[in-house]
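# coordinates only, no sequence provided:
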């Protein structure tokens, strides 16, 4: 976690071949003005130089405009350009009223079944459910240490929420609360217990927590683009849209090349599918 006056950023290091690496700033930096943006990028650059990183990639909520850095637009981004944002400045009653009827109903279904959602440090139980979800839905997961390190790095700004039903963990998610933003990063649920709708209560609990912490917005972190019917995220998009919210599009990710020979070799290999 990197902070400057009026700005903050999570910095994640990714390995590359030949013991090299690159740095990612997912959904950041968060900044209040151009001066604070310059300061936070300078601090990130200092880390990159120390780690001998090939480049820095930033996928910010806002357009990045800085005079001191050469920012290159990239098509390669782990974060989608289209997302769903909930306005948390309203009362809980108004937020619930904006949800689709099915969303409100499913939250109540989970409550009626006695599902409980609470903060936890039980990364093993979450990873077990996450692995099953990944196998079922056909997406990849990071090693367990990635999620553990993420929670440790964010400290009290991150939270693992687990849903328990009949003494069994059946759903959960990792959420981050930064400045005005509550962000849903990773989620998982047991298919065999889908009828108790635990995932809906997990999301609602996270939204209430974000609101309690003073966040103004809740980011579901990615949905299928509007009008696209053949997309791998159609299922999860349907789930997220039951909570209401506004569909938004973000700027393309930007990169700062540092070790330019390796950077352009990396881009070339990406372009030819290597």
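Happy to help now that I have it. The structure displayed is predicted, hence computed values, not measured ones. Numbering: from 1, shown residues only.
# quick check: residue 172 touching residue 128?
No: contact criterion Cβ atoms under 8 Å: residue 172 and residue 128 do not qualify, at 9.9 Å. Every residue, glycine included, has its C-beta placed from N, CA and C.
# what about those two, which has more around it?
In this view residue 172 and residue 128 are compared by other Cβ atoms under 10 Å, and residue 172 has more residues nearby, 29 against 16.
# doesn't that one belong to a helix?
No: using DSSP: H, G, I helix; E, B strand; the rest coil, the assignment for residue 172 is strand, not a helix.
# how about it: which residues does it bridge to?
With DSSP bridges as the criterion, residue 172 is bridged to residue 162, residue 188.
# for residue 64, see how far away it is.
33 Å (Cβ to Cβ, to the nearest Å).
# again with residue 83
For residue 83, the distance to residue 64 - Cβ to Cβ - is 17 Å.
# which of these two has more neighbours?
Counted by other Cβ under 10 Å, residue 83 and residue 64 do not tie: residue 83 has more neighbours, with 22 against 19.
# so is that one in a helix, a strand, or just coil?
strand.
# check contacts around it.
Counting by Cβ atoms under 8 Å, 6 or more residues apart in numbering, residue 83 touches 219-223, 247-248, 250.
# restricted to buried residues, select those in ChimeraX.
This is the ChimeraX syntax for the buried subset of the contacts of residue 83, where burial follows 16 or more other Cβ atoms under 10 Å:
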select :219,220,221,222,223,250
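# can you tell me which of the contacts of residue 83 end up in helices?
When the contacts of residue 83 are checked against helices (DSSP state H), there are no matches.
# what is the nearest of the contacts of residue 83 to residue 53?
residue 250 (23.3 Å; Cβ to Cβ).
# what does stretch 49-58 contact?
Counting by Cβ under 8 Å, 6+ apart, 9, 13, 16, 20-25, 28-29, 41, 44-45, 47-48, 64, 74, 76-77, 253-259, 262-263, 266 sit against stretch 49-58.
# state the mean pLDDT of stretch 90-108.
The pLDDT scores in stretch 90-108 average 97.
# before we move on, back to that, can you list the contacts of residue 83 in a markdown table and add pLDDT?
Formatted as a markdown table, these follow (pLDDT from 0 to 100):
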| residue | pLDDT |
| --- | --- |
| 219 | 93 |
| 220 | 93 |
| 221 | 84 |
| 222 | 84 |
| 223 | 87 |
| 247 | 92 |
| 248 | 90 |
| 250 | 84 |
